[in-house]
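J.: mind folding the following:
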Amino acid sequence: MFKKLIIKWLCLLAGFLTTHSALAKSVPDHFYTLSAGDTISITVYGEENLTIEELKIDNRETLDYPYLGNIKLGNKTLETLQREITAGLKGRYLVNPKVNVAIVKYRNVYVNGMVKNPGGYEYEPDLTVQEAISLAGGILTKYRRSAKTYLISEGEYEGYTSDELVEAFENDTKKEAPLYQKIKPGDTLYIIASFW
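T.: You can find the predicted model right below:
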């Protein structure tokens, strides 16, 4: 009987861990805020003229939507935008609108510094620092031993020159990122190194 109890407990634990890890992967979209560079879709079921299959958010971060006019997109979650469109259409235009807002493509992540191909790369969920460096062709061979990787969130250190960034990184070692750390859309990795 004790053996059966342990097996049952282990099965429950395995089920909890599976559910927990599935939820952990879905959480980012729940809290994810939209910004310029993201591509979204807006589906209003049964209403083709209100459906947008693909919309890349530009720097204005607004959308001129039928019947509702300008809608601000920046810093809103998918759920918030979905509720706003549903509420705006309900009553005056549709009896019970069924609206879905989804991410088609996340905004880029950027890898700069001592890598083979610096630039912007398409973000994918669960992308790590190491994977982003690989997308950029890896660290230049002569800098591999001395390279340090720094992770900057979107908008952080905006307007800094290269020299000012290097100085800021030297003064704040907490920005140094381990290779397994996950990154977010809009983040920038800086690979800085010296010859010795």
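
J.: please count neighbours and contacts with C-alpha atoms only from this point.
T.: Fine.

J.: assign the closest residue to Ala132 other than its chain neighbours to helix, strand or coil.
T.: Closest residue in space to Ala132, ignoring its immediate chain neighbours: Val111 at 7.1 Å, by C-alpha to C-alpha, 6 or more residues apart in numbering. Of the three states, Val111 takes strand according to DSSP: H, G, I helix; E, B strand; the rest coil.

J.: what of Asp126?
T.: Applying three-state DSSP: Asp126 is coil.

J.: that one against Gln181, yeah?
T.: No: applying C-alpha atoms under 8 Å as the test, Asp126 and Gln181 come out as separate, 9.2 Å apart.

J.: tell me which helix or strand comes right after the lowest-mean-pLDDT helix or strand in the chain.
T.: Least confident helix or strand of the chain, by mean pLDDT, DSSP states H and E, is helix 2-31 with a mean of 42. Going down the chain from helix 2-31, the next helix or strand is strand 39-44, by DSSP states H and E.

J.: how about the strands in the chain?
T.: 39-44, 52-56, 62-65, 69-72, 99-105, 109-113, 119-121, 148-152, 188-192 (DSSP state E).

J.: list the contacts of the shortest one.
T.: Residues from elsewhere that reach strand 119-121, judged by C-alpha atoms under 8 Å, 6 or more residues apart in numbering: 108-112, 132, 135-136.

J.: need those residues in CSV with pLDDT and distance to Leu50, can you?
T.: Formatted as CSV, the contacts of strand 119-121 follow (pLDDT from 0 to 100; distance: C-alpha to C-alpha, whole Å):
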residue, pLDDT, distance to Leu50
Asn108, 95, 27
Val109, 95, 31
Tyr110, 95, 34
Val111, 95, 37
Asn112, 92, 40
Ala132, 96, 36
Leu135, 95, 37
Ala136, 95, 39
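
J.: looking at those, which has the most residues close by?
T.: Val111 (28 neighbours; other C-alpha atoms under 10 Å).

J.: from Gly159, how far off is that one?
T.: 17 Å (C-alpha to C-alpha, to the nearest Å).

J.: circling back: in JSON lines: the strands of the chain, plus distance to Ala168.
T.: Formatted as JSON lines, the strands of the chain follow (distance: least, C-alpha to C-alpha, whole Å):
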{"stretch": "strand 39-44", "distance to Ala168": "32"}
{"stretch": "strand 52-56", "distance to Ala168": "33"}
{"stretch": "strand 62-65", "distance to Ala168": "34"}
{"stretch": "strand 69-72", "distance to Ala168": "34"}
{"stretch": "strand 99-105", "distance to Ala168": "32"}
{"stretch": "strand 109-113", "distance to Ala168": "15"}
{"stretch": "strand 119-121", "distance to Ala168": "21"}
{"stretch": "strand 148-152", "distance to Ala168": "10"}
{"stretch": "strand 188-192", "distance to Ala168": "12"}
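
J.: show the contacting residues for the closest residue to Gly69 other than its chain neighbours.
T.: Nearest residue to Gly69, sequence neighbours excluded (C-alpha to C-alpha, 6+ apart): Leu63, at 7.7 Å. For Leu63, the contacting residues are 69-73, by C-alpha under 8 Å, 6+ apart.
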